[in-house]
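Peer 1: Sequence first, predicted coordinates after that:
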Amino acid sequence: GAVVSQHPSRVICKSGTSVKIECRSLDFQATTMFWYRQFPKQSLMLMATSNEGSKATYEQGVEKDKFLINHASLTLSTLTVTSAHPEDSSFYICSAGSKGRGTAYEQYFGPGTRLTVT
Amino acid sequence: DQQVKQNSPSLSVQEGRISILNCDYTNSMFDYFLWYKKYPAEGPTFLISISSIKDKNEDGRFTVFLNKSAKHLSLHIVPSQPGDSAVYFCAASATEDGNNRLAFGKGNQVVVIP
C-alpha cells in the first residue's frame, strides 16, 4: 500500500493559538487529500476534501475560516487550526486518495495527530 | 445521519475461531465498500474492499460478503489471531460532484483471546 505521513504526531497548544498539521504522501501523487476528525469511540468524520491546486470542499458544519486547508502540491496538504479552543482537542487524520485495486478508490491514511488545546 | 452503521461495538473471540463483523448502510448510491483496521493512536489501514456489483471478495483470512438487497455487508476473519485485535471500521464509497467520499461506521472493537 501507499505511505502517508503526518506531522506532528502529537501537539499541545494554548487556547487562542494556531496549529499546523502536515500530511504527506511519500510514494505516490495524491490528487485528492481528505481531512478527518475522530472523537473517542466515534467514527471518523470527514471535515474536508482538498484537490491539488484548488480550494478545499468543506463538509456541512465545518468552519472553513477556522480549519484552513492548503493543498499546494501533489504530495502535501496542510490543515491549520486557527485560534484553537479546548473543544478542538481531537485526533485529526488525513488520507490521500488513489485509484486502488480494480476500480476501488482507496484512501491511504496517515497515522493521525493528537491535538490537545489547554 | 449515520449512513453506515456498525452495531455490537465490541466482539471477543477465541484465537483460531471466526470473527464476524456486520455493517449496514442506507445510501443505495454507494458503489464500493471497504473495511479498515485501526490500532490506537494510529490511522486506519485498508484491509479489503468489495464492489457493489459483487457479493463476495476473499483475501487470505479475510472475506467480505455483500447483500445489496439488504444493504448489509459483513467481514469474516478466519482463523482469528491475537494480532487481529483492533478496531474495525466499515466504510462506503460514493462519488459526488466529482469527489469521492468515504462514510465510516463507528467501528467494532475486536479482541482475540489467545
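Peer 2: Perfect, thanks for sending it. Numbers count the residues shown, from 1 in each chain, chains lettered A, B, ... in the order given.
Peer 1: Measure how buried the residue of chain B found nearest chain A is and give me the count.
Peer 2: Proximity of chain B to chain A (CB to the nearest CB) peaks at B:Gly43, 3.5 Å away. Heads up, the C-betas are built off the backbone N, CA and C, glycines and all. Residue neighbour count, defined by other CB atoms under 10 Å in any protein chain shown, stands at 24 for B:Gly43.
Peer 1: do the same with A:Thr82
Peer 2: 15.
Peer 1: show me what contacts the residue nearest to it when sequence neighbours are not counted?
Peer 2: Of all residues not flanking A:Thr82 in the chain, A:Ser18 sits nearest, at 4.7 Å (CB to CB, 6 or more residues apart in numbering or on different chains). Residues near A:Ser18 by CB atoms under 8 Å, 6 or more residues apart in numbering or on different chains: A:80-84.
Peer 1: where's A:Ser18 relative to A:Ala48, distance?
Peer 2: Per CB to CB, to the nearest Å, A:Ser18 is found 17 Å from A:Ala48.
Peer 1: and what of B:Pro44?
Peer 2: Shown here: B:Pro44 relative to A:Ala48, a distance of 18 Å by CB to CB.
Peer 1: Ok, B:Pro40 next?
Peer 2: For B:Pro40, the distance to A:Ala48 - CB to CB - is 25 Å.
Peer 1: if you count what's nearby, which of these two comes out ahead?
Peer 2: A:Ala48 (22 against 8).
Peer 1: Show me what that one is bridged to.
Peer 2: In this entry, A:Ala48 is beta-bridged to A:Trp35, A:Tyr58, by DSSP bridges.
Peer 1: swap in B:Asn67?
Peer 2: Counting by DSSP bridges, B:Asn67 is bridged to B:His72.
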